[in-house]
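Enquirer: give me a 3D structure for the following:
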Amino acid sequence: MHTTWILSANAGRARFFTESSPNGPLVEVEDMLNSAMRQRMLDTISDKIDPKAATSSGHGIGGTQGPGQAHNARAGAPNKDYQPAQTPDQHQAEQFARDISRYLVTAHQQGRFQQLFIAASPEFLGTLRGCLAPQIAALAKQELNKDYTQLDAQQLQERLHGQVRAQHAHPR
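Expert: So this is what the prediction gives:
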């Protein structure tokens, strides 16, 4: 018999439930909190920018770079390799998603589950997808972009089974 785990997550909390049979109750096996997301944003920023930090950057003064040179080339970051900066919240959410992935890999290696159902807040689901190990992503039989982290086990099970029934009744 396959054991299914249900992951209910957002950027601040991840709850893991096990479901041994479709008619059996959900049992919570882990409740992970991302304490960094709960702190005030100012508490998470460790680097303070000095008002003089950009004085030699050339921004707003006509620039000191030659023609055809990217504004960030002197810093060793040419435009083709540019990646947008993350906010502290985005960085913390990504770190939390990586923690979740590591936890799932370990649990799967221990044989604790064979299938995975993911319900995550829309903002966090994409981050989580990008951080899941390939072997865990392959076990995800269904994803739902809903934040159910505040529901108890019975409410969660009712919502999930209702969503599955609705999707089977109205396939896309």
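Enquirer: in stretch 87-100, what's buried?
Expert: The neighbour-count check on stretch 87-100 (16 or more other Cβ atoms under 10 Å) flags P88, Q92, A93, E94, F96, A97, R98, I100 as buried. C-beta coordinates here come from the backbone N, C-alpha and C atoms, glycine included.
Enquirer: same check, this time on stretch 139-148
Expert: Buried-residue list, stretch 139-148, by 16+ other Cβ under 10 Å: L139, A140, E143, L144, K146, D147, Y148.
Enquirer: quick one: the strands in this protein, in order.
Expert: 4-9, 13-19, 27-33, 115-120, 140-144 (DSSP state E).
Enquirer: deepest-packed of those strands, please.
Expert: strand 4-9 (a mean of 24; mean count of other Cβ atoms under 10 Å).
Enquirer: before we move on, back to that, restricted to helices, list the buried residues of stretch 87-100.
Expert: Assigned to helices by DSSP state H, the following of the buried residues of stretch 87-100 qualify: P88, Q92, A93, E94, F96, A97, R98, I100.
Enquirer: which ones are touching A11?
Expert: A11 makes contacts with N34, M37, D89, Q92, A93, F96, S121, E123, F124, T127, as judged by Cβ atoms under 8 Å, 6 or more residues apart in numbering.
Enquirer: list the contacts for T3?
Expert: Contacts of T3 (Cβ under 8 Å, 6+ apart): T18, E19, S20, R112, F113, Q114, Q115.
Enquirer: my bad, should have said E28
Expert: By Cβ under 8 Å, 6+ apart, the contact set of E28 is R15, F16, F17, A153.
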